[in-house]
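K.L.:
next comes the sequence, and after it the predicted model I'd like to discuss.
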Amino acid sequence: MTNCNHFVDLLTWYDKERRELPWRAAHGETPEPYHVWLSEIMLQQTTVVTVIPYFLRFLEHWPTVEDMAKASQDDILVQWQGLGYYARARNLHKCAQHVANELNGIFPNTEAELLNLPGVGPYTAAAIASIAFDQKATVVDGNVERVMARIYKVEQALPGAKPHLKELAHKLTPNTRPGDYAQALMDLGATVCTPRNPICATCPWQSICQVFKDGTPTDYPKRAPKKKKPTRYGIVFYIENGEGELLLNRRPEKGLLGGMMELPGSDWREEEWGKEDVENVAPFEGEWKALEAKVHHTFTHFHLELTVVRGKAGRNVQTNGLWCPKKELKGQALPTVFKKVIELISKQ
């Protein structure tokens with residue numbers, strides 16, 4: 001794998017087969033760091049197909065990093081709805097403000113400096129340095145891990161194999177066209193060396209791939225058995241006032257769905273809540289009716305089952321929440337799980 005012909009083979013393939021992506025500079029053009037940074041933050045734990053409309057919509061709202069820096073966090077969160085991992089959106093806003101206000105709108109061009117930016121970890125720093133600034137950096141995402149595991153026939157299972165796979169990828173990272181090389185490797189994993197049905201016949205690295213020789217590509221990468229996700233339980237309240245407005249609260253800045261809006265409710269715990277608990281966790285005294293149907297939602301590390309309780313608020317009710325007209329709900333940063341609650345109520 002030290003033969004430079006393999007590097008040439010991959011880039012020759014890439015020059016012909018590269019994906020056309022809205023954040024990717026055309027052949028021969030200089031990448032826009034703002035576009036690279038924005039796309040890489042969005043692509044964390046998310047597919048290209050999902051990200052494209054979000055990326056385009058963000059550019060419509062905020063064409064430059066300075067424009068994004070001037071936006072409110074709520075505006076960012078509203079446009080981010082559906083992408084999940086909302087800490088990324090909060091850090092996106094913080095990073096835009098830092099670059100715009102502290103760095104005169106200019107992104108750093110080295111891995112070390114990029115790592116100082118809010119929300120930028122080792123992978124993202126390497127990707128931006130490589131793709132936006134053509135710096136030699138080892139970019140390793142899930143696609144690259146799969147390619148490395150297959151061409152080297154790595155027997156160690158993921159996630160434990162991650163450091164070794166990164167080491168193997170580092171040894172292959174070239175000094176020439178490192179940005180194109182990084183994108184070529186990711187494209188190879190996304191379009192040819194796919195998880196279930198790899199198209200080995202068109203692979204530029206077929207000749208040096210050890211699992212191709214054995215006819216076992218789909219056996220790699222090896223993966224450790226997944227732990228079963230626990231289920232947590234909660235009570236959520238759908239409360240209207242006399243004007244038909246809906247009561248919303250803002251979640252704490254830190255933690256799951258931080259800084260977003262929510263319907264009031266209980267903690268989410270592993271022990272089921274009983275009917276007798278409704279009054280204890282309600283935001284104020286009132287008449288409450290629990291629905292028979294539950295709302296189910298899955299997060300990265302657990303399943304959630306919500307008991308939905310409906311109620312009315314009298315004129316004298318005191319609350320620190322926000323009364324939101326239903327026609328304005330689209331303008332609120334409501335996570336998908338609470339949208340499911342509202343959708344369930346609408347069907348009653």
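P.N.:
Structure's in. What do you need?
K.L.:
only C-alpha atoms for contact and neighbour calcs from this point on.
P.N.:
OK.
K.L.:
run through the strands of this structure in chain order.
P.N.:
Counting by DSSP state E, the segments of the chain that form strands are 231-240, 246-250, 261-262, 288-298, 303-312, 322-324.
K.L.:
can I get those strands in CSV including mean pLDDT, distance to T216 and mean neighbour count?
P.N.:
Conversion of the strands of the chain to CSV gives the following (pLDDT from 0 to 100; distance: least, Cα to Cα, whole Å; neighbours: other Cα atoms under 10 Å):
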stretch, mean pLDDT, distance to T216, mean neighbour count
strand 231-240, 97, 36, 21
strand 246-250, 95, 51, 21
strand 261-262, 96, 48, 22
strand 288-298, 95, 33, 15
strand 303-312, 96, 34, 20
strand 322-324, 94, 56, 16
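K.L.:
of those strands, give the one that comes closest to Q183.
P.N.:
Closest of those to Q183 is strand 288-298, at 31.4 Å (criterion: Cα to Cα).
K.L.:
reformat the strands of the chain as TSV; add distance to E66.
P.N.:
Listed next are the strands of the chain as TSV, based on distance: least, Cα to Cα, whole Å:
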stretch	distance to E66
strand 231-240	38
strand 246-250	26
strand 261-262	26
strand 288-298	35
strand 303-312	38
strand 322-324	30
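K.L.:
looking at the ones you listed, which is nearest to D15?
P.N.:
Shortest distance between D15 and these, using Cα to Cα, is found for strand 288-298: 39.8 Å.
K.L.:
starting at the chain centroid, how far to the closest one?
P.N.:
27 Å (Cα atoms, centre = their mean, to the nearest Å).
K.L.:
and the angle from it to strand 231-240?
P.N.:
Strand 288-298 and strand 231-240 are oriented at 130 degrees to each other (axes from the mean of the first three to the mean of the last three Cα atoms, to 10 degrees).
K.L.:
state which helix of the protein is the longest.
P.N.:
In the chain, assigned by DSSP state H, the helix with the most residues is helix 87-102.
K.L.:
centre of the chain to that one, how far?
P.N.:
Averaging C-alpha coordinates over helix 87-102 and over its chain gives two centres that are 16 Å apart (Cα atoms, centre = their mean).
K.L.:
A71 is nearest to which of the strands of the chain?
P.N.:
Where those are weighed against each other on Cα to Cα, the nearest is strand 261-262, at 17.5 Å.
K.L.:
strand partners (parallel or antiparallel) of the closest one?
P.N.:
strand 246-250 (antiparallel) (DSSP bridges).
K.L.:
what sits up against the strand it pairs with?
P.N.:
Residues lying outside strand 246-250 but in contact with it, judged by Cα atoms under 8 Å, 6 or more residues apart in numbering, are 238-241, 259-264, 320-326.
K.L.:
how distant is it from the center of its chain?
P.N.:
Its chain's C-alpha centre lies 25 Å from the corresponding centre of strand 246-250 when counted by Cα atoms, centre = their mean.
K.L.:
how is the chain divided into domains?
P.N.:
Domain assignment for the chain by automatic domain parsing gives 4-219, 231-346.
K.L.:
send me the helix or strand of the chain with the lowest mean pLDDT as CSV with only the CA atoms.
P.N.:
Each helix and strand of the chain was given a mean pLDDT (mean pLDDT, DSSP states H and E); the minimum falls on helix 4-17 at a mean of 90. The C-alpha coordinates for helix 4-17 follow below in CSV (Å, rounded to 0.1, in the frame of the first residue of the first chain):
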residue,chain,number,x,y,z
CYS,A,4,2.1,5.8,-5.1
ASN,A,5,0.3,4.1,-8.0
HIS,A,6,-2.5,3.3,-5.6
PHE,A,7,-2.9,7.0,-4.7
VAL,A,8,-2.9,7.8,-8.4
ASP,A,9,-5.5,5.1,-9.1
LEU,A,10,-7.8,6.5,-6.4
LEU,A,11,-7.6,10.1,-7.6
THR,A,12,-8.0,9.1,-11.3
TRP,A,13,-11.2,7.4,-10.3
TYR,A,14,-12.3,10.4,-8.2
ASP,A,15,-11.7,12.8,-11.1
LYS,A,16,-14.1,10.8,-13.2
GLU,A,17,-16.7,9.7,-10.6
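K.L.:
contacts only, for D187.
P.N.:
Counting by Cα under 8 Å, 6+ apart, D187 touches 14, 18-19, 143.
K.L.:
filter those residues to the buried ones?
P.N.:
Among the contacts of D187, those classed as buried by 16 or more other Cα atoms under 10 Å are 14, 18, 143.
K.L.:
export these to CSV and tack on distance to Y34?
P.N.:
As requested, the buried ones among the contacts of D187 are arranged in CSV below (distance: Cα to Cα, whole Å):
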residue, distance to Y34
Y14, 23
R18, 21
N143, 23
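K.L.:
nearest to V154, of those?
P.N.:
Relative to V154, and with distances defined as Cα to Cα, the nearest of the buried ones among the contacts of D187 is N143, at 14.6 Å.
K.L.:
re earlier: and the longest helix of the chain, what does it pack against?
P.N.:
helix 33-43, helix 65-70, helix 73-80 (3 or more Cα pairs under 8 Å, 6 or more residues apart in numbering; DSSP states H and E).
K.L.:
list the buried ones in it?
P.N.:
Across helix 87-102, burial judged by 16+ other Cα under 10 Å covers 87-100.
K.L.:
picking that back up, so which of the domains of the chain is the most surrounded?
P.N.:
Mean neighbour counts were compared across those using mean count of other Cα atoms under 10 Å; the top stretch is domain 4-219, at a mean of 18.
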